[in-house]
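**Student:** Show me how the following folds:
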Amino acid sequence: LNPAILRTLSVLSCFGFKTEISLLRLLQESSILLGGGFNLESLVEEGILEISGSVIVFTHDLVQKHVYEILSKHQRQKLHCDIGTFLATKTNLDSSLAYKPIDDGMEQLYICHGDDTEDDGSSNSVLSLAGIATSQINKAGLEFISDRTRRIRFAGWNMRSANESREKSNFHAALYYCKNGLSFLSDNLWHIETCQLSLELHEAAASASIAVGNAEGVAQYANAIIDGPLEFEKSLVAQNLLIRSLETQGLYTECIARGLAVLRQLNFDIPTAPTPEVVLQAMAQTTNIASQYNFDHISDRPEVIHQKQRNALRIIDSVAVACYLSTSPYLPLVACSTVIYSLQHGIFHCEESVSSFVIFGYFKVYLKQNLDEGHKWGKLAHRMLETSRGYASVRARMYLYGFLLFWFIPIKESCLRLYETYAIGMRCGDVGSAMYSLFFAWVCQFYGGEKLSIVKANYKEYMKSIAKYSEDVSKKLVLRKVNLNELMGISDDNPYSVLEGAFWDIDG
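**Tutor:** Numbering: from 1, shown residues only. Presented below is the predicted three-dimensional model:
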């Protein structure tokens, strides 16, 4: 093969087994392809490549591997770096914006990397040009990119690519970019110049780890912030992610203890002894404070929420979930504290405030047998969700339709809303809330008189999606379905059979 054709093959091998023709055409504008051109026809005739639509494919993975490995390590690293740097000029990776579409048809390209072990999700996902450029830089590696300024620059690229991946619900790719971004900052994690970037990468890595069910990753990245040199307020996002991870693992006692300790550091007045008398006193106090507000006009009031307040509310929300799942007597106290905090600070529309309105209304019904008051708080929560700018209020929706409004609206509507909440939860990575939304939907279907065969069919279909995300979450849902089966009178000798094929090993 002549040098120009061999160079074309070398460039293609850097992207793995296959890539888009349009990407190769884009590289014609650079000096990376010798002579600025490529001759695919001859390579197809030689049986080295195949063209399938808009995609170029090596005829065998061993061909791609051989082409890639005949390059020296330094040549491969330099080629990856040159490709990534050039492609980045077609994006705005170096600007303050995280993402901006480029030429029509070029903002998303299918790239399959050669190394199947990389946790970037690229073998089965669509990456943007910015993500492709960043991945090429990552393949060049730290050893090749030794300059400190360039390392910080490329860490920033990974942060932007991680954010873009999270927006597209590609959490495996987000975690991949965060890991690489942190590796570029490994010698300067908490330096004044890189401190904010390092904080954002750690937070994003912990968040993505929750979405993919990696509890060890959450602890690793969150504790790096909590145990680091930053002040307490800077650690609140990490504190919440760690607390939420404990909740999703079922470590409810640890979750509640840690969460309450953090909230008390934030000056929340939560009693240490949740006796019945203390709970009823807290509910009476909350009712008295709430009576000073006109619920009909709350949704029209402008809302300004500071980051510290939002972080505090997220911690409360995680603690509330753990309290519910463990039937902790702290749940009404946490709800009361959140309601008071939200009202006094003018925070009504955010998910955590809405959740507290629902839970407080729930206890109005179950502890005080006051359906009118419960309905009032439910209608307030519903109005807040309807006027909320964000769509991903998954937990608040799950609480509202699974806990409270089913008392006051048709059962079929509750089911529909809960299935919608499941879909939103799966899109935004809140698999736990999606799971409970499904469970409450099945309960509503049962009490609503739905045929048991339909409930069972829905269960099997949705479990296929849940099982792809997390083995632990799937097992928890199976156990809850076992309880529902007993209620329905359904006998199932092997309840875990619904997970067959999802995991290699399912123990009882």
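
**Student:** Quick one: distance of the helix or strand where Ser356 lies to the chain centre.
**Tutor:** Per DSSP states H and E: Ser356 is located in helix 351-366. In terms of Cα atoms, centre = their mean, to the nearest Å, the centre of helix 351-366 is found 25 Å from the chain centre.

**Student:** got it, and stretch 321-328?
**Tutor:** The chain centre lies 22 Å from the centre of stretch 321-328; the measure is Cα atoms, centre = their mean.

**Student:** Low-confidence regions, the protein specifically.
**Tutor:** Where the chain drops to pLDDT under 70, the residues are 1, 34-39, 96-127, 299-304, 388-392, 429, 450-452, 454-508.

**Student:** Strands of that one, residue ranges please.
**Tutor:** Ranges of strands within the chain are 18-20, 49-52, 55-58, 108-110, 126-128, based on DSSP state E.

**Student:** any chance of the ones you listed in a markdown table, plus mean neighbour count and distance to Arg314?
**Tutor:** All C-beta atoms are positioned from the backbone trio N, CA, C, and that covers glycine. Below are those laid out as a markdown table (neighbours: other Cβ atoms under 10 Å; distance: least, Cβ to Cβ, whole Å):
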| stretch | mean neighbour count | distance to Arg314 |
| --- | --- | --- |
| strand 18-20 | 21 | 40 |
| strand 49-52 | 14 | 46 |
| strand 55-58 | 20 | 42 |
| strand 108-110 | 18 | 32 |
| strand 126-128 | 21 | 28 |
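
**Student:** could those strands go into TSV alongside distance to Val365?
**Tutor:** Compiled in TSV, the strands of the chain are given as follows (distance: least, Cβ to Cβ, whole Å):
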stretch	distance to Val365
strand 18-20	57
strand 49-52	60
strand 55-58	58
strand 108-110	48
strand 126-128	46
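
**Student:** ranges for the helices of the stretch 351-500 of the chain?
**Tutor:** In the stretch 351-500 of the chain, helices defined by DSSP state H, counting those that start in this stretch lie at 351-366, 371-386, 394-399, 411-428, 431-447, 452-469, 471-488, listed in chain order.

**Student:** what angle do the first one and helix 371-386 make?
**Tutor:** Calculated by axes from the mean of the first three to the mean of the last three Cα atoms, to 10 degrees, helix 351-366 forms an angle of 160 degrees with helix 371-386.

**Student:** helices and strands around helix 351-366, which ones?
**Tutor:** Counting contacts by 3 or more Cβ pairs under 8 Å, 6 or more residues apart in numbering; DSSP states H and E, helix 351-366 is packed against helix 276-290, helix 307-325, helix 330-344, helix 371-386, helix 394-399.

**Student:** which stretch among those comes nearest Ser207?
**Tutor:** Closest of the helices and strands packed on helix 351-366 to Ser207 is helix 307-325, at 11.2 Å (criterion: Cβ to Cβ).

**Student:** list the buried ones in that closest one?
**Tutor:** For helix 307-325, the neighbour count (16 or more other Cβ atoms under 10 Å) marks 309-325 as buried.

**Student:** Kindly report the same for stretch 286-303.
**Tutor:** For stretch 286-303, a neighbour-count test (16+ other Cβ under 10 Å) marks 286-287, 290, 298, 303 as buried.

**Student:** so Ser328 sits right up against Ala257, yeah?
**Tutor:** No: proximity of Ser328 to Ala257 does not meet the contact threshold set by Cβ atoms under 8 Å, at 10.5 Å.

**Student:** Looking at those two, which one has more neighbours?
**Tutor:** Between Ser328 and Ala257, Ser328 has the larger neighbour count (other Cβ atoms under 10 Å), namely 19 against 15.

**Student:** what sits against that one?
**Tutor:** Applying Cβ atoms under 8 Å, 6 or more residues apart in numbering, we find Ser328 in contact with 252, 256, 274, 322.

**Student:** Let me see the contact set for the second one.
**Tutor:** Applying Cβ under 8 Å, 6+ apart, we find Ile256 in contact with 319, 322-323, 326, 328, 330.

**Student:** let's see 6 Å
**Tutor:** Applying Cβ atoms under 6 Å, 6 or more residues apart in numbering, we find Ile256 in contact with 319, 322, 328.

**Student:** What distance do you get for it to Thr287?
**Tutor:** Taking Cβ to Cβ, to the nearest Å as the measure, Ile256 falls 24 Å from Thr287.

**Student:** Kindly report the same for Lys139.
**Tutor:** The value you get for Lys139 to Thr287, if Cβ to Cβ is used, is 60 Å.

**Student:** Same question for Gly213.
**Tutor:** Distance, Gly213 to Thr287, using Cβ to Cβ: 40 Å.

**Student:** tally of neighbours for the closest residue to Leu325 other than its chain neighbours?
**Tutor:** In space, and not counting its chain neighbours, Leu325 is closest to Tyr252: 5.9 Å by Cβ to Cβ, 6 or more residues apart in numbering. Neighbours of Tyr252 under the rule other Cβ under 10 Å: 19.

**Student:** And Val279, by the same measure?
**Tutor:** With other Cβ under 10 Å as criterion, Val279 counts 19.

**Student:** so who does it touch?
**Tutor:** Listed by Cβ under 6 Å, 6+ apart, the contact set of Val279 reads Pro332.

**Student:** Then Glu247?
**Tutor:** Neighbour list for Glu247: 255, 318, 321-322 [criterion: Cβ under 6 Å, 6+ apart].

**Student:** repeat that for 8 Å
**Tutor:** Contacts of Glu247 were listed using Cβ under 8 Å, 6+ apart, and they are 255, 318-319, 321-322, 325, 432.

**Student:** What separation is there between it and Tyr366?
**Tutor:** 22 Å.

**Student:** From what I see, Val11 and Ser30 are in contact.
**Tutor:** No: using Cβ under 8 Å, Val11 is not in contact with Ser30; the gap is 9.9 Å.

**Student:** Have a look at those two and say which one is more surrounded.
**Tutor:** Val11 (22 against 15).

**Student:** what sits against that one?
**Tutor:** Counting by Cβ under 8 Å, 6+ apart, Val11 touches 24, 27, 32-33, 79, 83.

**Student:** swap the cut-off to 10 Å and go again
**Tutor:** Residues in contact with Val11 (Cβ atoms under 10 Å, 6 or more residues apart in numbering) are 19, 23-24, 27, 30, 32-34, 38, 67, 79, 82-83.

**Student:** Which pair in these has the greatest spatial separation?
**Tutor:** For these, the farthest-apart pair by Cβ to Cβ is Ser30 and Val67; their separation is 19.5 Å.

**Student:** wait, the residue nearest to Leu325 sits on Ser326?
**Tutor:** Yes: with contact defined as Cβ atoms under 10 Å, Tyr252 counts as touching Ser326 (3.7 Å).

**Student:** ok, Thr85 - contacts?
**Tutor:** Contact analysis of Thr85 by Cβ under 10 Å, 6+ apart lists 30, 32, 93, 133, 136-137, 140, 150, 154.

**Student:** among those residues, which ones are buried?
**Tutor:** 32, 93, 133, 136-137, 140, 154.

**Student:** picking that back up, and the furthest pair within the buried residues of stretch 286-303?
**Tutor:** Thr287 and Glu303 (22.6 Å).

**Student:** Counting neighbours, what do you get for the closest residue to Ser13 other than its chain neighbours?
**Tutor:** Among residues not flanking Ser13 along the chain, Tyr68 sits closest, at 3.9 Å (Cβ to Cβ, 6+ apart). Each residue near Tyr68 was counted by other Cβ under 10 Å, and the total is 19.

**Student:** Please tell me how far Tyr68 sits from Pro3.
**Tutor:** Plainly put, Tyr68 is 17 Å away from Pro3 if you go by Cβ to Cβ.
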